[in-house]
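Undergrad: Sequence and predicted structure are below.
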Amino acid sequence: MAEILSLRDAVARLVHDGDTVALEGFTHLIPHAAGQEIIRQRRRELTLVRMTPDIVYDQLIGAGCARKLIFSWGGNPGVGSLHRFRDAVQNSWPGPLEIEEHSHAGMANRYVAGASGLPFAVLRGYSGTDLPAHTDTIKQITCPFTGERLAAVSAINPDVSIIHAQRADRAGNVQIWGLVGVQKEAVLAAKRSLVTVEEVVDELDPVPGQMMLPSWAVTAVAEAPRGAHPSYAQGYYDRDNEYYEYWDSIGRNRDSFQAWLDEKVFAMEGAK
Amino acid sequence: MAEILSLRDAVARLVHDGDTVALEGFTHLIPHAAGQEIIRQRRRELTLVRMTPDIVYDQLIGAGCARKLIFSWGGNPGVGSLHRFRDAVQNSWPGPLEIEEHSHAGMANRYVAGASGLPFAVLRGYSGTDLPAHTDTIKQITCPFTGERLAAVSAINPDVSIIHAQRADRAGNVQIWGLVGVQKEAVLAAKRSLVTVEEVVDELDPVPGQMMLPSWAVTAVAEAPRGAHPSYAQGYYDRDNEYYEYWDSIGRNRDSFQAWLDEKVFAMEGAK
Amino acid sequence: MTATTDERTYTSDEMMSIAAARALGRRRTFPRGGETQHREQRCFVGIGLPSTAANLARRTHAPDLVLIYESGTLGSKPGRLPASIGDGILAETADAVISVPEVFNYWLQPGRIDVGFLGAAQLDKFGNINTTVIGEDYAHPKVRLPGAGGAPEIAASCHEVYIVVRQTRRSFVDRVDFITSFGHGTGKGDREKLGLRGAGPTLVITDLGVFRPDPETAELVLTEVHEGVTVEQVREATGWDLKVSPDLSTTTPPSEAELATLRELKAA
Amino acid sequence: MTATTDERTYTSDEMMSIAAARALGRRRTFPRGGETQHREQRCFVGIGLPSTAANLARRTHAPDLVLIYESGTLGSKPGRLPASIGDGILAETADAVISVPEVFNYWLQPGRIDVGFLGAAQLDKFGNINTTVIGEDYAHPKVRLPGAGGAPEIAASCHEVYIVVRQTRRSFVDRVDFITSFGHGTGKGDREKLGLRGAGPTLVITDLGVFRPDPETAELVLTEVHEGVTVEQVREATGWDLKVSPDLSTTTPPSEAELATLRELKAA
């Protein structure tokens, strides 16, 4: 049974220095509030896993929480670069950032393998590209029936996965709808999981296209209204497109980023 | 785009002598009407694929349509044996029946591989059992990362897969809800596909838990009201538990089965 | 049917169902998230006696028991016994309805399920199960049985396996004709050698008594006889040289409440 | 931005979008079910220019074009341009919404998608794409780019790949610093050797013109220049010794209807 905790308590209890942490949500339901809570609690030496690092990891990387990033596409979608990510890779600021780089298909299958209790997954991928030369979690495998050569990727099993969903009930059952991305796989692949939700309700009325995560498959649920902002939560709020532009100006240099951190993250310290 | 055809035309066009044919529907939405249409059109030398052969394949096997059965559990659920299946395996009546036998997990993964365009799938399965010694579509594979030994099963790619669904719209988009089994995988793994439906409607109102198959992923749709009887179609009718008992008495001997065939299948010849 | 001639007010099938129900739903302590915690037990349920036992347990001592059916339902809470694993009531009352590949790949295979219930046409003294063929020649069997279904991977991946079977010399054999689902192989340590993660069969419940694997050898040992059953009767219905636990006890007979709830369930 | 100084009434980005839209949605004949049949074209769409082009095509000559977004929507029919691939309008107007693993495993990988649109930071003369790093040293790049995303497998598995890119000497290079997505490798036959099933890049559309691979060598050849653009201008913006088709033509300029529909789309 998932415990219902405050976001602060949930992060304190589930995310530890040195952990491998996945925050998932593919363009929709990106768990921003949880990301900022991790910054606020000054976690260090994290291995961050996420298909699309997005603004949420630009913030964590800039704040010095990460020692390594495992990812498949690291841009500010529709705007341009993630400047904190680039600064870390190109200039080791605020510290060196090791990277482990895949394609979307590879990352998705690594989560599938993790959720399935398998050590690896097979796909038609990476052929002819330079990625396998730099990423040791990509290898080749031979089909025992046809002799065909295919790609194998190792499973991802984060210490903790964090996602954002629309709703949970008081027993901790989680309901997500709209684009569901790779969230189920991320939760099931992880040793521990936290689901932040727009609201905890008495009854989860069925919604077409819903994906349900039973309470007993989740470690903790925390209420975090607007916890996906500036991404969107279908049925609750739209994407804040201006924020993505705004982030470009904040993330572009170290001073403006540091000022943002102090004002928008650390100054909120003590908040629930 | 799926073509909307009569069941007779659809079977005539899509199912050929010698084909590998999968009729899927796991305890729910079993495509009985399509199975009986295949008998009526006197198809021969089929390789029949289905996780649970059930009554639908007992009928096809008894009618002499099959030369081979690929399956994972061949009983009359809740009642006992499939007598026509047993008679074929034990006594080669009405002809010899080759079998290729898996577990449910193996069959489900064979469809997943087929739907994914991969030649095989990997699972933790069959360890210590006598199945691999008799089934050459089960082999071992070694994880290239951990060295662990796992099972590999070859993909299933039927010539044609047939499923039953609740509804389609006039464009041929298909809507299924309730227990969805392995139907999506069976359709996507096949070269051709036929979906029989309870009704073709103007608009597919969303239903919680629905699974949608876009028209362009399906070859043909045929209206077949009560086409899953004696299994059930959630939202339309319940399982006819008495029929499963009744079938035990019909299937138990060759004469009663032959009489049933003449009366209930061939006498319907010419029907739409 | 019962093999005894006493005047018990319940059938041996009722005793089996109740003994199986009692085995379920004991909350236990598991390491998770660096802490240990109590949590609900999760049970993979087949139709027939296992489903009866699991639903009885939910209605008596184990209201939090999570029922998982291989047709694709997680956490079904049916108000009556389902007629088949495809009964709509399982989907309608579930926490989540999922595809069949997902049942096996995301939920069973990674070891998320505590107890798997299995039946057997033949069971041997090391808990290996045959549901495939009777007879030594697979290609020309004496009796063709239904086959494997979900059992091989349930036997491999659930934390524990409970086997429920009516016991005769034909079903309780020294060595099964075909291993459909692996129990303890040829004895202690075989599961580990194969890399199987679950503990395998830890409990066998029949219409005569209860068996558990010997901790040293993994051979099934009679640990309980049901009320009115003698060890001699069990021995006669066992196809190998039966070992009896020095701590042999008699199964507590069904309580009035257990019987009433069971009969209510069956009648609904 | 346009590199030319003529008095065209449209921008070079508009020309690119319209040229890309025109390439889409041509119904073709495919073998299926033992017969050949016409069917709708299916297009894997990224945000930005590809999404603009695909939605423009749907609104003009190709109403049946099926749009697939990697965020998990099959057959989206948005009434305005989506702001991102996560825009709710894509899910709300789709034939089906699916998980991200399913997009790649069940729909892209088996070759169900006809056309994949890709961009490029660097593109070489054999259509190989770099979106990973600028600079020879992967560990210490001059510029760290976003990376692969869905592109490597789109390039591998779609029947054809259309590349849309603004052309400069920095983007059109003799040899990419890093192969993120495989085009034609070092020439004709390389894709077959790797077992890649799709035909790879068959069309490259830039702000200056249109390129297609030479059927003999797979090297990109200039086959069209846009209105007002000279071959010399194209050559100056190409980092290799450019080959020009003997059948070089000039791109038909945007029609009033195309421009009006495009501008309406962008304004909505």
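TA: Now that the structure is in, tell me what you want to look at. Keep in mind that what you see is a predicted model, and the values were worked out from it rather than measured.

Undergrad: so what's residue 126 up against?
TA: Just going to use chain A. Under the criterion of Cβ atoms under 8 Å, 6 or more residues apart in numbering or on different chains, the contact partners of A:Y126 comprise A:S103, A:G106, A:P132, A:I138, A:A151, D:P152. Yep, even glycine has a C-beta here, placed from its N, CA and C like the rest.

Undergrad: my question was about chain C
TA: C:G183, C:H184, C:G185, C:T186, C:G187, C:D190, C:P213, C:A218, C:E219, C:L220.

Undergrad: Swap in 10 Å and give it another go.
TA: Neighbour list for C:F126: C:174-176, C:179, C:182-188, C:190, C:200-201, C:213, C:217-220, C:240 [criterion: Cβ atoms under 10 Å, 6 or more residues apart in numbering or on different chains].

Undergrad: In what element of secondary structure is it found?
TA: Take DSSP states H and E as the rule and C:F126 turns out to sit in neither a helix nor a strand.

Undergrad: so how far is C:V231 from it?
TA: C:F126 sits at a distance of 21 Å from C:V231 (criterion: Cβ to Cβ, to the nearest Å).

Undergrad: Would you confirm that A:H164 contacts A:V180?
TA: No - using Cβ atoms under 10 Å, A:H164 and A:V180 do not qualify as a contacting pair, with a distance of 11.7 Å.

Undergrad: other SSEs contacting the helix or strand harbouring C:L56?
TA: Secondary structure here is read from DSSP H and E; on that basis C:L56 sits in helix C:49-59. The criterion is 3 or more Cβ pairs under 10 Å, 6 or more residues apart in numbering or on different chains; DSSP states H and E, and the helices and strands that helix C:49-59 contacts are helix C:12-23, strand C:42-45, strand C:66-69, strand C:115-118, strand C:160-164, helix C:256-267.

Undergrad: now it: mean pLDDT?
TA: What helix C:49-59 shows for mean pLDDT is 92.

Undergrad: again with stretch A:200-216
TA: Confidence for stretch A:200-216, expressed as mean pLDDT, is 95.

Undergrad: got it, and stretch C:205-221?
TA: Confidence over stretch C:205-221 (mean pLDDT, whole number) is 97.

Undergrad: now stretch A:171-189
TA: For stretch A:171-189, the mean pLDDT works out to 97.

Undergrad: Could you do stretch C:163-174 as well?
TA: Averaging pLDDT residue by residue across stretch C:163-174 gives 96.

Undergrad: Next, see if that stretch gets close to chain B.
TA: No - on the criterion Cβ under 10 Å from any Cβ of the partner chain, stretch C:163-174 is out of touch with chain B, staying 14.0 Å away.

Undergrad: Find me whatever residue is spatially closest to the closest residue to chain A within chain C, sequence neighbours aside.
TA: With Cβ to the nearest Cβ as the measure, the residue in chain C that lies nearest chain A is C:P110; the distance is 3.0 Å. The spatial neighbour of C:P110 that comes closest, neighbours along the chain excluded (Cβ to Cβ, 6 or more residues apart in numbering or on different chains), is A:G117 at 3.0 Å.

Undergrad: so what's residue 224 up against?
TA: No chain specified, so I'll use chain A. If you count contacts by Cβ under 10 Å, 6+ apart, A:A224 has them with A:6-7, A:10, A:31-34, A:36-37, A:164, A:194-199, A:272.

Undergrad: Actually, chain C is the one I wanted.
TA: For C:E224, the contact set (Cβ under 10 Å, 6+ apart) comprises C:19, C:205, C:208-212, C:245, C:247-252.

Undergrad: where does it fall, helix, sheet strand or coil?
TA: What DSSP: H, G, I helix; E, B strand; the rest coil gives for C:E224 is strand.

Undergrad: what about it, distance to C:T252?
TA: When distance is defined by Cβ to Cβ, C:E224 is 9 Å away from C:T252.

Undergrad: Quick check on A:H164 and A:V180: which one has the bigger neighbour count.
TA: In terms of neighbours (other Cβ atoms under 10 Å in any protein chain shown), A:H164 is the more surrounded of A:H164 and A:V180; the figures are 30 against 26.

Undergrad: can you tell me the helix or strand for that one?
TA: Using DSSP H and E, A:H164 falls in strand A:160-169.

Undergrad: next helix or strand past that strand?
TA: Using DSSP H and E, the next helix or strand after strand A:160-169 towards the C-terminus is strand A:174-176.

Undergrad: Mind giving me the packing neighbours of that next one?
TA: Strand A:174-176 packs on strand A:160-169, helix A:183-189, strand A:192-201, strand A:211-213, going by 3+ Cβ pairs under 10 Å, 6+ apart.
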